[in-house]
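Asks: just need the structure, nothing else, for what follows:
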Amino acid sequence: MDKNLFVALTIALGAAMPAIAIGMLASKAMEAIGRNPEAASAIQTSMILAIAFCEAIAIYALVVALIIKFV
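Replies: Sure, this is the predicted structure:
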């Protein structure tokens, strides 16, 4: 098969899955803040940290896609 197909699939899945995870994470965090507004700062801190880890997965997928493309 063509390398470009693998690159496209890698970056598509590598971007879609973290995006879905971030959406679910933010949704649950907003629900938690709605139930307990006093804990908003702690929830927000944990949410931002988890979002950073999800974004790291997308960056790893980009790196893998570039390796497939150029190696």
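Asks: how far out from the middle of the chain is stretch 13-31?
Replies: The chain centre lies 6 Å from the centre of stretch 13-31; the measure is C-alpha atoms, centre = their mean, to the nearest Å.
Asks: need the contact partners of that stretch.
Replies: The set of residues external to stretch 13-31 that reach it, using C-beta atoms under 8 Å, 6 or more residues apart in numbering, is 43-44, 46-47, 50-51, 54-55, 57-58, 60-62, 64-65. From N, CA and C alone the C-beta is placed, and that goes for glycine too.
Asks: make it 10 Å
Replies: With C-beta atoms under 10 Å, 6 or more residues apart in numbering as the test, stretch 13-31 has contacts from 40, 43-44, 46-48, 50-51, 53-65.
Asks: out of those, which are buried?
Replies: Among those, the ones that count as buried by 16 or more other C-beta atoms under 10 Å are 43, 47, 50, 51, 54, 58, 61, 65.
Asks: for the first one, list the residues it contacts.
Replies: What that stands for is residue 43. Contacts for residue 43 (C-beta under 10 Å, 6+ apart) come out as 28, 29, 30, 31, 32, 33, 35, 36, 37.
Asks: so of these, which two are at opposite extremes in space?
Replies: By the measure C-beta to C-beta, 28 and 37 form the most distant pair in the contacts of residue 43, at 15.3 Å.
Asks: have a look at those two and say which one is more surrounded.
Replies: Just comparing residue 28 and residue 37: by other C-beta atoms under 10 Å the higher neighbour count belongs to residue 28, 13 against 9.
Asks: okay, and that one sits in which element?
Replies: In the assignment (DSSP states H and E), residue 28 maps to helix 3-35.
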